[in-house]
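A.B. asks: A structural model of the following input is requested.
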Amino acid sequence: MRTLLAMIALAVTALPTPASAADEDELRELLNTFLAGASVGDVAIHERFWSDDLVYTSSNGTRTDKAGIVGNMRASENTREATPSVVYSAEDVDVRLYGEMAVVAFRLVGTEQAGDHGRSEYFNTGTFRKQAGEWRAVAWQATRIPSDADAG
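C.D. replies: Purely as a prediction, here's the structure:
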C-alpha cells in the first residue's frame, strides 16, 4: 500500500502546473509587441521573440531558423525605410496553454501604408516554450490566405 501511495504521490508531483491567465495575457502582449517591432524591422524584437532552436516554415514553403531570420534583418537594416510600408497586426488570436508550452494561432494581417491600403492575410501558428521565465517561439508555420482576386 505504501508503494502504491508513493507512486501516486510521485505521479501527481510530476504533472506540469497549470498555466495561468497571466501566461495567456503575456503571450498576447508578446505577440502584439513582436508584430509592432516586425513592422519597423526591429532586430532586437526578433532576437527576443524567437528561440535559438526555432524551426520556421514560411508561407512560400521555405524553412529557416533564428540565425537566418536575424541575419536577414541585419542585412537589410541600412536599406530599410523610416516609415514601414506594411504594418502587421493579429486578428482572431487563439492561445492554448499546456504548462510550459503554448500554441498561438491567429490571422496575421499586413496592411499597406501607401496607395489603397491593401491587405495580405496569413494563418500563423506558433509553438512557444517558457525558457528561463520568458516565452519564446520554437516553431512557426505561416500559410498565405488567398485574396478574393486570387480565388477567382
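A.B. asks: top helix in the chain by residue count?
C.D. replies: The longest helix of the chain (DSSP state H) is helix 21-39.
A.B. asks: what distance separates the very next helix or strand once past it from the centre of its chain?
C.D. replies: Downstream of helix 21-39, the next assigned helix or strand under DSSP states H and E is helix 43-49. From the chain centre to the centre of helix 43-49 is a distance of 11 Å (C-alpha atoms, centre = their mean, to the nearest Å).
A.B. asks: how about the helices in this structure?
C.D. replies: Using DSSP H, helices in the chain cover 2-14, 21-39, 43-49, 66-75, 148-151.
A.B. asks: Do you know the pLDDT at L30?
C.D. replies: Note on L30: pLDDT of 98.
A.B. asks: same question, V70
C.D. replies: 95.
A.B. asks: which intervals of this protein have sub-threshold pLDDT?
C.D. replies: 1-19, 82, 149-152 (pLDDT under 70).
A.B. asks: is the spatially most central residue of it in a bridge, and if so with what?
C.D. replies: Note on the chain: the residue nearest the mean C-alpha position is G126, at 4.5 Å, using C-alpha atoms, centre = their mean. G126 forms beta bridges with V104, W140, as assigned by DSSP bridges.
A.B. asks: how much space is there between it and R136?
C.D. replies: When distance is defined by C-beta to C-beta, to the nearest Å, G126 is 10 Å away from R136. Heads up, the C-betas are built off the backbone N, CA and C, glycines and all.
A.B. asks: Now do the same contact list for M101.
C.D. replies: Residues near M101 by C-beta atoms under 8 Å, 6 or more residues apart in numbering: 127-130.
A.B. asks: Going by distance to W50, which of those wins?
C.D. replies: For the contacts of M101, the minimum distance to W50 (C-beta to C-beta) is 10.3 Å, reached by F128.
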